[in-house]
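Undergrad: only geometry, no sequence info:
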């Protein structure tokens with residue numbers, strides 16, 4: 001997947017979360033949910049997946065055919081249970 005990000009945002013993300021936004025390209029995505037908690041002025045999403053065997057959460061927007069990474073951090077267990085496990089249940093038991 002083509003991923004772009006602001007270099008200053010990448011530096012801030014690395015300092016805050018210890019991971020570069022460039023690693024979003026390495027994510028094995030298991031679930032994606034729309035982030036409608038706020039009006040961001042554009043559609044934003046959160047993806048949950050693994051990078052090097054550890055669960056991460058990627059906040060992103062889609063601009064054309066490019067994923068614009070906004071934030072990347074380790075995912076909380078609660079998020080994995082809520083989003084990833086529910087997605088697997090939906091795939092196993094479609095309506």
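TA: Structure received. Not measured: the values here are computed from a predicted model.

Undergrad: center of the chain, which residue is that?
TA: Nearest to the geometric centre of the chain sits residue 58, at 1.9 Å (Cα atoms, centre = their mean).

Undergrad: So for that one, what's the pLDDT?
TA: On pLDDT, residue 58 comes in at 98.

Undergrad: got it, and residue 2?
TA: 82.

Undergrad: Could you grab the helix/strand/coil label for the residue nearest to the centre of the chain?
TA: strand (DSSP: H, G, I helix; E, B strand; the rest coil).

Undergrad: what sits against the closest residue to it other than its chain neighbours?
TA: Spatial nearest neighbour of residue 58, chain neighbours left out: residue 47 (4.4 Å); criterion: Cβ to Cβ, 6 or more residues apart in numbering. Every residue, glycine included, has its C-beta placed from N, CA and C. Residues near residue 47 by Cβ atoms under 8 Å, 6 or more residues apart in numbering: 27, 29, 31-32, 57-58, 60.

Undergrad: These: which two are farthest apart?
TA: 31 and 60 (13.4 Å; Cβ to Cβ).

Undergrad: that older thread, now the contacts of residue 47: which count as buried?
TA: Among the contacts of residue 47, those buried by neighbour count (16 or more other Cβ atoms under 10 Å) are 27, 31, 57-58, 60.

Undergrad: could I get those residues as TSV with distance to residue 43?
TA: Putting the buried ones among the contacts of residue 47 into TSV (distance: Cβ to Cβ, whole Å) gives the following:
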residue	distance to residue 43
27	19
31	17
57	17
58	15
60	10
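
Undergrad: What is the nearest of the residues you listed to residue 8?
TA: Residue 8 has its nearest neighbour among the buried ones among the contacts of residue 47 in residue 60, at 16.9 Å by Cβ to Cβ.
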